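A.B. asks: pasting the sequence and the predicted coordinates here, then a few questions.
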Amino acid sequence: MPKPLKLELQDHYQSAKLTDKQLARLNSLQELNHSNSKRRAESLTESSSAKQFSNRLFPKWALACCFLLAVMAFFQYQWRPLDDPWPKADAIAAEVVYNHLKQRPLDFIESDFHELKQSFVQLDFRLQKSALLDSFIYGGGRYCSLLSIPAAQIRSAKSIQGEYETLYQVDYRESIFGALPKLVQGQASIIRYHKGVAVEIWVDKGILFAKTRSI
Amino acid sequence: MIEEQNLNRLYRYALSLGADADLAYDLVHGAISRFLEPPIPDLEDPIPYLIRSVRNAFIDIKRRDARYQHETYDEEGSPQDYDIKALESLSIDQNFIAQLLGELSSQEREILFLWAVEGYSTSELADLLNMPKGTLLSKIYRLRNRLLSTAFVKDALQNSGNYYA
């Protein structure tokens, strides 16, 4: 159903967000700079006012400690992502959870995997089953995107607890999605949390799978 | 402090330029770093300044990569000009929005983003894009025709409206 282009563009861009780690780094950058500015202002004050008064309020060793702590905090944030073997996993989880919570209307209602597979005619990949999806009961699907790459968003049937699960399948491109665990190499799926929802992520048969988990 | 909401606005703007997620973050990070270099500009609303900073950095990178090209438009060659409001009557199925954006140039995506998400007027757009208003109006005219030629976009007022600006 066509909707105004303006609204669709707004929806499309609103779904893009900085990850929590990126936000933390930007905030840390601002705080570090704020403390440096303060330090510079204080050193100016120190040189122009009575030295004794200034030293009593802001001892140099305390300033040095603050600065050292700020630098250490900054570098901790800076370098932590380099240790993360799955650098895009948080961004993927955030987008999956955002759309999982929205529960937008489905384009196809199909409980049979093969019927559902045939419904997604406009994807440039084929939906796949994966060993980690044995207990997933298909309910339907809709076209969507993950990190701006066209994707299939599949919803499970309602569980006894009245909950749905959301499964994303998208053509896996390492340049976009970063390194992710590949079942074929014997790697285990990973779980990332966002807004209290767990998302399990893995790559199988060249497809990136991301599925919310009922806890 | 630039708050989360505004950091995300800058990030989305960077994405609209055609930056991938990593580059978009780097552009925001760079803009914030430069903004915080003393002397810090005393601005009531730093966002327009930061948007310009992100834009300039993106163009610098793309020029270096020789991939971003300023398209030149022959203003006299356009049969008519449209105000940015002429885009209001266009509609699209949400399934095709990513596909549509993928077919547009950096500058076309940027114009759509600034119009739809940031609510820029034609004059504000001309100012940010650093081009005469007439050139921008020609550009909007061509953008509208291009959108309608993609088969994803429909015009609700195709036969009844007159958008001549």
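C.D. replies: Received the coordinates, thanks. Residues are numbered from 1 along each chain as shown, chains lettered A, B, ... in the order given.
A.B. asks: got a pLDDT number for the most centrally placed residue in chain A?
C.D. replies: For chain A, the residue nearest the mean C-alpha position is A:Ala91 (1.9 Å; Cα atoms, centre = their mean). For A:Ala91, the model assigns a pLDDT of 92.
A.B. asks: mind listing what's buried in stretch A:153-164?
C.D. replies: For stretch A:153-164, a neighbour-count test (16 or more other Cβ atoms under 10 Å in any protein chain shown) marks A:153-156 as buried. Backbone N, C-alpha and C define where each C-beta goes, glycine included.
A.B. asks: from those residues, which land in strands?
C.D. replies: Using DSSP state E, the members of those that fall in strands are A:153-156.
A.B. asks: could I get the residues you listed as JSON lines with distance to chain B?
C.D. replies: Shown next, in JSON lines, are these (distance: Cβ to the nearest Cβ, whole Å):
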{"residue": "A:Gln153", "distance to chain B": "11"}
{"residue": "A:Ile154", "distance to chain B": "15"}
{"residue": "A:Arg155", "distance to chain B": "16"}
{"residue": "A:Ser156", "distance to chain B": "21"}
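A.B. asks: format those as a markdown table; extra columns: distance to A:Tyr13 and pLDDT.
C.D. replies: Below are these laid out as a markdown table (distance: Cβ to Cβ, whole Å; pLDDT from 0 to 100):
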| residue | distance to A:Tyr13 | pLDDT |
| --- | --- | --- |
| A:Gln153 | 18 | 94 |
| A:Ile154 | 24 | 94 |
| A:Arg155 | 24 | 91 |
| A:Ser156 | 28 | 88 |
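A.B. asks: with those in mind, which one is nearest to B:Lys85?
C.D. replies: A:Gln153 (33.2 Å; Cβ to Cβ).
A.B. asks: with just CA atoms, put the helix or strand hosting B:Leu114 into CSV.
C.D. replies: Taking DSSP states H and E as the definition, one finds B:Leu114 inside helix B:106-116. Extracted as CSV, the C-alpha positions of helix B:106-116 are listed here (Å, rounded to 0.1, in the frame of the first residue of the first chain):
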residue,chain,number,x,y,z
SER,B,106,24.4,11.2,-3.1
GLN,B,107,23.1,14.6,-3.7
GLU,B,108,19.6,13.4,-4.6
ARG,B,109,19.4,11.4,-1.3
GLU,B,110,20.8,14.3,0.6
ILE,B,111,18.0,16.6,-0.8
LEU,B,112,15.3,14.1,0.0
PHE,B,113,16.7,13.6,3.6
LEU,B,114,16.9,17.3,4.3
TRP,B,115,13.4,17.9,3.0
ALA,B,116,11.7,14.8,4.5
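A.B. asks: near chain A, anything from that helix?
C.D. replies: Yes. Helix B:106-116 reaches chain A (Cβ under 8 Å from any Cβ of the partner chain) through B:112-113, B:115-116.
A.B. asks: check which element follows that helix along the chain.
C.D. replies: Of the helices and strands lying after helix B:106-116 in sequence (DSSP H and E), the nearest is helix B:122-129.
A.B. asks: which of the residues in the helix or strand just after that next one are buried?
C.D. replies: Where DSSP H and E defines the elements, the next helix or strand beyond helix B:122-129 is helix B:133-148. Across helix B:133-148, burial judged by 16+ other Cβ under 10 Å covers B:135-144, B:147.
A.B. asks: dump helix B:133-148 to CSV, keeping only the CA atoms.
C.D. replies: What follows is helix B:133-148, C-alpha atoms only, in CSV (Å, rounded to 0.1, in the frame of the first residue of the first chain):
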residue,chain,number,x,y,z
LYS,B,133,18.1,29.0,-5.6
GLY,B,134,17.3,28.7,-9.4
THR,B,135,19.8,25.9,-9.7
LEU,B,136,18.3,24.1,-6.8
LEU,B,137,14.8,24.5,-8.3
SER,B,138,15.9,22.9,-11.5
LYS,B,139,17.5,20.2,-9.6
ILE,B,140,14.2,19.5,-7.7
TYR,B,141,12.4,19.4,-11.0
ARG,B,142,14.8,16.8,-12.3
LEU,B,143,14.7,14.9,-9.1
ARG,B,144,10.9,14.7,-9.2
ASN,B,145,10.9,13.4,-12.7
ARG,B,146,13.6,10.9,-11.8
LEU,B,147,11.6,9.6,-8.9
LEU,B,148,8.5,9.2,-11.0
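A.B. asks: perfect, that will be all.
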